[in-house]
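Peer 1: Fold the following, please.
(chains A, B and C)
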Amino acid sequence: MSPESLVQILVGGVAVGSIYALIAQGFYITHRTTLTLNFGQGDFLMLGAFLGLTLVKAGVPILFTALIVVAVLAALGVLLERVAIRPVGYLTLSWVLTTMGFGVIIQNVATAFWGKSSQSFPSLVGGKVVDVIRVGGVGIVVEELFIIIASILIMGGYLFLLNRTLTGKALAAVAFSRDTAALLGVDVRRMAILVYAIAAILAAVSGILVGPITSLHPFMGVKFAIKGFAAGIMGGFMSPVGIWVGGILLGIIELFSNLISSQFGDLYPFLIIILVLIFRPSGLFRDPTSR
Amino acid sequence: MNSRMSAIGVVVFLFLALALGPGPAAQAQEVKIGIVQPLSGIPVIVDFGESYLQGNKLAVKEYNARGGYKGKPVQLVIYDDEGNPKRAVEVFTRLLTQDKVNVVIGTTNSGNVLAVMHLNQQYKIPLMAGPSIATPITKKFADQPKNYVFRCSMVEEFQVNALLDWATKKTKSIGLLHSTTGYGLFAKGEILKGLEARKVPPVVVESSNPGITDFTPQLLKFKEKNIEIILTFAEEWDIQFKNLVKIGYNPIMAGNWGMSSGKLRDIVGDDLLKNAVMGQALDLNEPKARAWDEKMRKEYGKEYRWPVIASFGYDAANLVLKAIDMAGPNPDEIRDALERIDNFDAVTTGVPKKPYAKDDHECVDQKDVFLGIWEKGKVVRLKQ
Amino acid sequence: MSPLRPLVWIAVVVVLYVLPSALPTQYFTLLLQTAAYDTIVVVGLNLLVGFSGQISLGHAGFFAIGAYTTSLLTTSYGLSLWLTLPAAGAFAGAAGFLLALPAIRTKGLYLAMITVGFGFVVEILAQRWVDLTGGTMGIYAIPQPFGPVGYFYLVAGVAVALQLAMNHLTGSLWGKTLLALKGSEEAAQSVGIRVVRWKVVAFGVSAVYAGIGGAFFGHQNGYINSDSFTFGASLYYLVALVIGGVGSNYGPVVGTVFLAFITHFSAGLYEQRFFLLGGFLLFTLVFLPDGIVGTLEKWLKRRRETRLAPPEVEVDLARVLAAPANGHEGALLETVELTKHYAGVTAVERVALTIEPGTIHALIGPNGAGKTTFINLITGRIPADRGRVFYRGRHLDGLATPDRARLGIARTFQNLQLFPDLTVLENVLVGFHRHGEATLLEYALGLPRARRETARHTGQALALLSFLGISELAGLRATELAYGHQKLCELARALAVKPDIILLDEPVAGANRTEVDRIVQILGRLRAAGITILLVEHNMDFVMRISDRVSVLNFGEKIAEGTPEEVRANPQVIEAYLGRWGAADARR
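Peer 2: Here you go, the predicted structure:
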């Protein structure tokens, strides 16, 4: 295999990995604060993509599309917290199933509106089906570039939020000890709503970016959720850098596994994750603020 | 939680559960056709299932509009098998023992058909298989006095032969990309055998796993060997075409009838499909096909997206209805009538006037299958 | 055991016998068979999730292993069903053990991920390893014995038997032990429960059940392929469990049957089905968080029964506590240069402490002096950076907490770690853990040795509770007690270990004058019975009254040691406390 081809695959791996990182980042903020996460995050992403698709096809400029989708999904995220998280508590695993149930409902609303088949999503820039940038002999689709950049920006955003802002400190405080934080005047309930809204916004942005380069259909969310979850776990759920690295790693492992053995290619990522967890039960990176 | 609220919750539940009601009640004298298709799950499989069902439904609708069977409309009992054999067995058993249908049409996954066929054979209720394409389906019970399994669909062996005949004449630079699903592995076996028989071994063979998001590693391997024709038997064609653009590679993609899906064209556009060649049995250049195509478009609008699958579904239902007209509602007699049908007016280009015989339960034969290409938004016969 | 119980089971058997005739089509018989083996799987899952507190999102993997084992053994080797069914369970169980062993260090979501990964690995192997499994084309001609109705009787019979076995397990001390470690791993370890082992066993048993369920699936239709072992299948079992009621004995069967109902009734509505399923799931989880059975149980105000009927036996305390074998000369517990650093903070610095047997030794010091850390070092909860702990002259390096407990070192916790799912009596019963000899199988089958042991320990537990004055609270949930009584309950549990030395972390924190007096009395009697005590406390009055010897820590270092009077007069000590004692002393 030529070096050029290897670089091509590496770039592809980073791109796919960035998608996983985006999902994991959506898990991160809610898990950090409430020890729960939205297992239907992939379905939120799917909904974001479909909404974006409809608006773009209706001629709404991309920026307004993004704003509308973000607003709708943020509202949905708040609803999710109210309906599927708050009533069931954080100590049991019921929230795993309620958020999944919510996701299933979203899937079926989507099939009602958009049907069950795959859809086309035109490129975000220009009207071509696939918009490719070539560097040397290596091609990268424009949206892939956007996704890579977005995931890095979000990681940076998290680091900034948690280390530099007061809200971030409040979030970390709630994660550390809810009761203490409440006693110190942090509005714990509002924090929970906030993080779920943020997670939903991330899903919205990811959806619009991911739409053009993936097979878009109402049941695509589960696959992304599992991969994103795996990426976050492998990297270490408590660290913003960890989940990003986890995502990128997973993407690269996935593509290179397919290169080495296309028959069992999707086996290796799971085996590797299991191995990583055996030796590092809390993921590769540890929580930077751990006790 | 307030226990009274919980009580109300339980009651509401039970009420909803009962209100959904059991399946359609069994009634004597009415003709019932059971249909099983995957109506949920992997999108391309759902496309198969829904498209075939569209054809079934239109045929039955027209039949009922003409008066139905002896003045009574024919009923359809439709179940979703989710592409899952366990579910398929459940719904087939339900149709055959509970709903007591007169004949069954379906399903898409060949594995599912193979798992349930023996039930039809056991209960002596004919099965019109489709759009499943695995070759052995109609052969399994062929040696019994009465074979209850028929098929109105493409047959894998036929389209593979058509493709290989054409491809091996065109070039020796051939590669194979197949998925690791049952279908893909089965196709791989058939293709490797066929290529060997034609003395053109494949230069590169690659596989892909279900749920794959990026074919770049595999496609690069083909590109490096400058493969001219890639036989593609992996279902995610939209991703393949998009990846080809990304790596700047332009081979001929030749595959099964899956590439004739309207959804695929929606996603990748005419430009990318310029070099696609696929197995076909419906030539939309033919006037009869065109007329029917228009009818479907009127009936289903944008939901209608896969002409060749729907046309087989349409013909399948009409064959069954014709047999019912000839022989009445008795399933055993329907079976016999199917073998006798002559003078059938099919929509699918490849289906002859007498589709079946005692030893032939396929509605198309090798000679009826041809290759298609995309032209101006429709799939037409490739002129060779 | 209620006299109604056998009648109820007989009624169940009769109903099962009659069902296929009441629902005469083969379709319904098929559904009944499916419900029966699905129930087996979910009963096993209940043990894992509801009792040991672990999660599995990949149980379809064990189900698959069971199905393939029996299918391959019967078709390729012609072995009889009666051999292959247990083999299927065994293989699946082995897989469960093998998965759990390395996975057991992971917790919560991380463990969930491992199980997800496992499920996918099995599914992928089933699909691709065509030579072995037939892939998606599958395995044919699997024997279907006894005809549809007969097969249902077989599966239902096994399901009933396995449910009974599970009932025994969970209702017994074995089950209570699992609940204990689900409630507080730390406390469980402190009474000698080797948590890792227990979790692995729970995983294994759960996998065995799933494998047997899978084996029955294999023979149901004469055909299996890899499409049936998806992530969705794993979720299905979990959903059935949660809807039925996690942790309740009959939650699994109710949930399974309920889901089967919904699937049946909604089959015709192929457009809306999944919408309905998602809606039901959400609805149940929000409005009936304990599941159907759990909610019913609460509604009928039934307390969680302990099948352990307490016999009224008054036993001599000294016999209960089995006076420690004092065949050892010299100090019972000794630490040498014990050190623990955290980033930027030295918690314990080169502390040398010697505790003589049969004494009450107090460890005092200002807040943050390192006292609790010191206790944690002794029990092995945290590893020391430097130094060693000697017990009866032998060092404890490398010994895990449960093993130290089994040597006779018991403790209580500053922040109370009672087992929330258990009653007061059960909390203490679990404390007798290291004295138990009956095995898993004996508990599952309700064999005599298990029952005798439980009865004996129950008597002794009541004696302990009596001694502490809280025996009338034995049947209450531990969390329902007043704070002071909870502390006594935890003390009883620690005493159940029959320790040589007991480490008390702030035994009178938050206690009023009367309660303090009581504890003083209790400790005095314990000392008289030969038990050594190390206590960490802030209440100086209490410390002075009861201790034989006092050591003082400040900023991790030992600054004074001696009799209470000596320490009280020590200027360094007074200074460390900023003279507060001096003032208190003047008032006396």
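
Peer 1: Please make it C-alpha for all contacts and neighbour counts, starting now.
Peer 2: Will do.

Peer 1: buried sites along stretch A:252-272?
Peer 2: Applying a neighbour-count criterion of 16 or more other Cα atoms under 10 Å in any protein chain shown, one finds A:252-259, A:261-271 buried in stretch A:252-272.

Peer 1: Next: stretch B:318-332.
Peer 2: By 16+ other Cα under 10 Å, the buried positions in stretch B:318-332 come out as B:318-324, B:326-329, B:331-332.

Peer 1: what do you get for stretch C:17-36?
Peer 2: C:17, C:20, C:25-36.

Peer 1: would you turn the residues you listed into TSV with distance to B:Ala291, secondary structure and pLDDT?
Peer 2: Below are the buried residues of stretch C:17-36 laid out as TSV (distance: Cα to Cα, whole Å; DSSP: H, G, I helix; E, B strand; the rest coil; pLDDT from 0 to 100):
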residue	distance to B:Ala291	secondary structure	pLDDT
C:Tyr17	59	helix	89
C:Pro20	52	helix	86
C:Thr25	45	coil	87
C:Gln26	44	helix	88
C:Tyr27	42	helix	91
C:Phe28	45	helix	91
C:Thr29	47	helix	91
C:Leu30	45	helix	92
C:Leu31	45	helix	92
C:Leu32	49	helix	93
C:Gln33	50	helix	94
C:Thr34	48	helix	94
C:Ala35	50	helix	95
C:Ala36	53	helix	95
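
Peer 1: B:Trp257 contacts B:Gln280, doesn't it?
Peer 2: Yes - the pair B:Trp257 / B:Gln280 is scored as a contact, 5.7 Å apart, by Cα atoms under 8 Å.

Peer 1: These two - which one has more neighbours?
Peer 2: A direct count of neighbours by other Cα atoms under 10 Å in any protein chain shown for B:Trp257 and B:Gln280 places B:Gln280 higher, at 30 against 21.

Peer 1: That one against B:Val369, yeah?
Peer 2: Yes - using Cα under 8 Å, B:Gln280 is in contact with B:Val369, at 6.1 Å.

Peer 1: list residues touching both of the two?
Peer 2: By Cα atoms under 8 Å, 6 or more residues apart in numbering or on different chains, B:Gln280 and B:Val369 have these common neighbours: B:154, B:159.

Peer 1: Report how many residues lie close to B:Gly248.
Peer 2: B:Gly248 has 15 nearby residues by other Cα under 10 Å.

Peer 1: got the buried residues of stretch B:318-332 as TSV, with distance to C:Arg197 columns?
Peer 2: As requested, those are exported to TSV (distance: Cα to Cα, whole Å):
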residue	distance to C:Arg197
B:Asn318	65
B:Leu319	64
B:Val320	63
B:Leu321	65
B:Lys322	68
B:Ala323	67
B:Ile324	66
B:Met326	71
B:Ala327	69
B:Gly328	68
B:Pro329	65
B:Pro331	61
B:Asp332	62
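
Peer 1: wait, which of those residues is closest to chain C?
Peer 2: Of all the buried residues of stretch B:318-332, chain C sits closest to B:Pro331, with 18.6 Å by Cα to the nearest Cα.

Peer 1: Show me what counts as buried in the helix or strand containing A:Ala75.
Peer 2: Element membership for A:Ala75 (DSSP states H and E) is helix A:62-80. For helix A:62-80, burial by neighbour count (16+ other Cα under 10 Å) applies to A:62, A:65-66, A:68-74, A:76-78, A:80.

Peer 1: How about stretch B:357-369?
Peer 2: B:360-366, B:368-369.

Peer 1: From chain A, how far off is the residue of the stretch 1-150 of chain C found nearest chain B?
Peer 2: Closest contact between the stretch 1-150 of chain C and chain B, by Cα to the nearest Cα, is at C:Thr136 (4.5 Å). Per Cα to the nearest Cα, to the nearest Å, C:Thr136 is found 14 Å from chain A.

Peer 1: Are we agreed that that residue is in a strand?
Peer 2: No - C:Thr136: not assigned to a strand; according to DSSP: H, G, I helix; E, B strand; the rest coil it is coil.
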